[in-house]
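Student: Show me how the following folds:
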Amino acid sequence: MILSLVVLVAVTGTAGPMLELSASGIAYPEWVKHGFQRAENIWLRNIGDATLSVSQIVGVKESLVLVNWLGLSSTGPLSVQPSESNFVYVFLNAGAIINSPGTVIELRGSVYFLSDSPAPLDSQWYTINIPVADTVVAPILDTIATSCLRLVVSSDGNFGQRGAGRVNMDYWDFGDCDTVDSIPGETDVYLYDGSPIILRKLSNPDTVIASWSIFGDGYPGPRGFVPVMDRQWPIVATGHTSTPTYDMFETGQFVTVDSLVAVELTWYAPKHPDSCEFLIQKMLVFPYKGTSVSGLTIGVAIDWNIPSDTGAHNTSGFVDSLRLMYQRGGEYGQDVSLQCQSNDRRFGGVAFLKNYTDIQHICSPDRALYGAYTALNSDFVEPNGGFLPSELWINMQNPGYSAEPVKSNQHSVMAFRNNYSLAADDSLTLYIALVTLRSGTTANFENRVRKARAWLYSFFGGCLCTACCQGLVGNLDGDPGDLVDISDLAAIVDYLFSGEQVLSACLEENDLDWSYTVDISDLQALIDFLFFGVPLYECNC
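Tutor: This next block holds a predicted model:
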């Protein structure tokens, strides 16, 4: 159940009566099971210094077909003394009206309060959105944390919770020099909101079935992923697990709005301080009803708000060799006397690491990425309060990378697969890394992405399961004992710039960034390992 206040100003000690509304005890989101009634209370507090008179309380039902589902314990009048509170019960009598198991129905309405508070607070509204269902389970929120950042995640696939603050891949509580709200930058949020994206294009009629959990689109609405009790393999319980190496949160299953595709996310937060600036997300996608599904576009959308001098006016870019799409804080030199560091040293991005199907499994991963782009919120988010299915589908059809050149509030979208078919007995597993950097250069940020890649491969396998690569990669000259040293650096330099062959005949041994090629990025990875302590991954299939 969503209760939201349209007008609210809290000014304690105001002369005369002053109404403040709150929905104490109501957690978002909530739902009503078929055949049941629910009652919640809206608190009316008088924060003025004179008796408050509430003359009228009216429930307004926006659902045209369903009537008599919204009831109130009082329609007024009632009074509230200064510094005291009263409440009104809101009865959500869904059970008496709806009893259709297997469906999810949204009820929408408002509660209106008229009081003798000074205008404009004399007229205040609460809006109510409540789903009625039998199989839906309420999303569960959790916070996963490394030693230097946190992220709020949800069992319906959302992460970020629309800039909840200090749990958004930020460093507010972990050494950021800017922790004063009055200083431009809003450094308690780096990642504002995010979600997996699954689109299904219908040829007849020509429509797009869209599912996501970003920008407030939750399961009560027509596009929100729907959390469900696991009924299909694999059965995964929603919850938080801690190991000596990482903390983990598993969402359990949530399904697309047409119930054809199920998704499970697993989040990993490394515990080692040297691996604290990234999180790993594993995304499992499979047919929910055991039948094949075609025409799918599968990806992820993230609204980064990297702290900048002006709101979240970011720049963006890509690093193809790392499959990295990032945004960077904007530095305009307008607040030098206030800020403690240049905001263009702040970064946030998403890197595509690997994916495989259940039939291929981990030993032969298909790591191709269809496309990725950044775009302006003012063009594709703000006009409609979120994405439009048709617009998002069109934008995700473009292969390759595309960066928005305008410095402004941008979002990022990565398309893992386009026009994809899921076989009835198959699944698709995808890994991404979310990475931020409080202060550094582009090269520093790229090194953090390499750390994320190395961490994933070290703990969950990164090689192709052939016999030629054993242990740590990088032994390019074939030293006994898998030794990686300066001679390997000389070997790759000779290979890249003198035309000499790398001595190792094993591609996986030479391919330090797991890109299926040996190029300058592998040289950079070896330099980072030998001189800066950036780890290499191991072949531990």
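Student: Correct me if wrong: Glu422 contacts Ser292.
Tutor: Slight slip there: residue 422 is Leu, not Glu. Yes. Leu422 is within contact range of Ser292, at 6.3 Å (criterion: C-beta atoms under 8 Å). Heads up, the C-betas are built off the backbone N, CA and C, glycines and all.
Student: between the two, which one's more packed in?
Tutor: Leu422 (23 against 13; other C-beta atoms under 10 Å).
Student: For that one, give its distance to Ser294.
Tutor: Here Leu422 is placed at a distance of 8 Å from Ser294 (C-beta to C-beta, to the nearest Å).
Student: With Glu264 instead?
Tutor: Relative to Ser294, Glu264 is positioned 21 Å away (C-beta to C-beta).
Student: The two: which has the busier surroundings?
Tutor: Neighbour totals were compared for Glu264 and Ser294, and Glu264 leads with 23 against 11 (other C-beta under 10 Å).
Student: Am I right that that one sits in a helix?
Tutor: No. Read with DSSP: H, G, I helix; E, B strand; the rest coil, Glu264 is strand and lies in no helix.
Student: Not including adjacent chain positions, what is the nearest residue to it?
Tutor: Leu284 (4.5 Å; C-beta to C-beta, 6 or more residues apart in numbering).
Student: That neighbour is in contact with Val261, isn't it?
Tutor: No. With contact defined as C-beta under 8 Å, Leu284 and Val261 do not form a contacting pair (10.9 Å).
Student: Neighbour count: the two, which is higher?
Tutor: Val261 (24 against 18).
Student: For stretch 401-412, give the mean pLDDT please.
Tutor: For stretch 401-412, mean pLDDT rounds to 95.
Student: is it true that Asp522 lies in a helix?
Tutor: Yes. Asp522 sits within a helix when classified using three-state DSSP.
Student: Would you mind listing the buried residues in whichever strand or helix holds Lys201?
Tutor: Assigned by DSSP states H and E, Lys201 falls within strand 191-202. Of the residues in strand 191-202, Leu191, Tyr192, Asp193, Gly194, Ser195, Pro196, Ile197, Ile198, Leu199, Arg200, Lys201 count as buried by neighbour count, 16 or more other C-beta atoms under 10 Å.
Student: Parallel or antiparallel, which strands does the helix or strand that comes right after that strand pair with?
Tutor: Next helix or strand after strand 191-202 toward the C-terminus (DSSP H and E): strand 207-211. Strand pairing for strand 207-211, determined by DSSP bridges: strand 191-202 (antiparallel).
Student: how far is the strand it pairs with from where the chain is centred?
Tutor: From the chain centre to the centre of strand 191-202 is a distance of 10 Å (C-alpha atoms, centre = their mean, to the nearest Å).
Student: Then stretch 139-147?
Tutor: 12 Å.
Student: average pLDDT for it?
Tutor: On average, stretch 139-147 scores 94.
Student: Please save the CA atoms from it in CSV.
Tutor: In CSV, the C-alpha atoms belonging to stretch 139-147 read as follows (Å, rounded to 0.1, in the frame of the first residue of the first chain):
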residue,chain,number,x,y,z
PRO,A,139,9.0,-6.9,-1.6
ILE,A,140,11.7,-7.2,1.1
LEU,A,141,14.3,-4.5,1.4
ASP,A,142,17.9,-5.2,2.4
THR,A,143,21.2,-3.3,2.5
ILE,A,144,24.4,-5.0,1.4
ALA,A,145,27.7,-3.4,2.4
THR,A,146,31.4,-3.6,1.7
SER,A,147,33.9,-1.9,4.0
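Student: And that stretch, what's buried?
Tutor: Under 16+ other C-beta under 10 Å, the buried positions of stretch 139-147 are Pro139, Ile140, Leu141, Asp142, Thr143, Ile144, Ala145, Thr146.
Student: now the residues you listed in TSV, with distance to Tyr332 and secondary structure?
Tutor: TSV is the format used below for these (distance: C-beta to C-beta, whole Å; DSSP: H, G, I helix; E, B strand; the rest coil):
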residue	distance to Tyr332	secondary structure
Pro139	38	coil
Ile140	40	coil
Leu141	35	strand
Asp142	37	strand
Thr143	33	strand
Ile144	33	strand
Ala145	32	strand
Thr146	31	coil
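Student: Out of these, flag the one nearest to Thr315.
Tutor: Thr146 (25.8 Å; C-beta to C-beta).
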